[in-house]
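Participant: Quick one: sequence and predicted model below, then my questions.
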Amino acid sequence: MPIRPANLATMSATIAGAIAGLSSREDQAPPVKITFESGFQQTVEQGGCRALKTGQGGVTAIATEAKVKFALFAGTSCQGSRALASGHGSVSFGDPVLAGAIVIG
């Protein structure tokens, strides 16, 4: 599928915003707790791109410190996948987000 210039600009801005807060030492990023439809909770303790647990349904909530930025992606990779949601701090979604990867910054 070709990437349209408008989509590329949005995707680049989303990724840049999510990783802009990364420090030189990723292991210092605060933990992020991701809650899925099934009730399963995945904790990610380092910044950068991480694959999400499969077979648990969509993401219903993200819990972390207010300064931590995130972006959820459709595929299991953060590159070449469509950004589904982004923001910072804790958030809950009214409709589960079917994401396969998250960038944390």
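Facilitator: Everything's here; your move.
Participant: going forward, measure contacts between C-alpha atoms and count neighbours the same way
Facilitator: Will do.
Participant: State the helix or strand in which A61 lies.
Facilitator: Following DSSP states H and E, the helix or strand that holds A61 is strand 59-63.
Participant: Return the distance of that strand from the chain's centre.
Facilitator: Relative to its chain's centre, strand 59-63 lies at 10 Å (CA atoms, centre = their mean, to the nearest Å).
Participant: dump the residue contacts of A66.
Facilitator: 88-90 (CA atoms under 8 Å, 6 or more residues apart in numbering).
Participant: Tell me which helix or strand comes right after the worst-scoring helix or strand of the chain on mean pLDDT.
Facilitator: Sorted by mean pLDDT, DSSP states H and E, the helices and strands of the chain end with helix 5-19, the least confident at a mean of 60. Downstream of helix 5-19, the next assigned helix or strand under DSSP H and E is strand 32-36.
Participant: Can you list the strands that that next one pairs with?
Facilitator: Strands adjacent to strand 32-36 in the sheet, as given by DSSP bridges, are strand 41-44 (antiparallel), strand 59-63 (antiparallel).
Participant: Now stretch 47-64 - C-alpha only, PDB.
Facilitator: Provided in PDB are the C-alpha atoms of stretch 47-64 (Å, rounded to 0.1, in the frame of the first residue of the first chain):
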ATOM      1  CA  GLY A  47      11.300   3.400  26.500                       C
ATOM      2  CA  GLY A  48      11.300   2.900  22.700                       C
ATOM      3  CA  CYS A  49       9.200   0.600  20.500                       C
ATOM      4  CA  ARG A  50       7.800  -2.600  22.200                       C
ATOM      5  CA  ALA A  51       5.500  -5.300  20.800                       C
ATOM      6  CA  LEU A  52       2.200  -5.800  22.700                       C
ATOM      7  CA  LYS A  53       0.900  -9.200  23.900                       C
ATOM      8  CA  THR A  54      -1.300 -10.800  21.300                       C
ATOM      9  CA  GLY A  55      -4.600 -12.500  21.800                       C
ATOM     10  CA  GLN A  56      -5.800 -10.300  24.600                       C
ATOM     11  CA  GLY A  57      -8.100  -8.000  22.600                       C
ATOM     12  CA  GLY A  58      -7.700  -4.300  22.200                       C
ATOM     13  CA  VAL A  59      -6.000  -1.800  24.600                       C
ATOM     14  CA  THR A  60      -8.500  -0.300  27.000                       C
ATOM     15  CA  ALA A  61      -6.100   1.800  29.200                       C
ATOM     16  CA  ILE A  62      -2.600   3.000  29.600                       C
ATOM     17  CA  ALA A  63      -1.300   4.000  33.100                       C
ATOM     18  CA  THR A  64       1.900   5.900  33.600                       C
END
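Participant: This completes my enquiry, with thanks.
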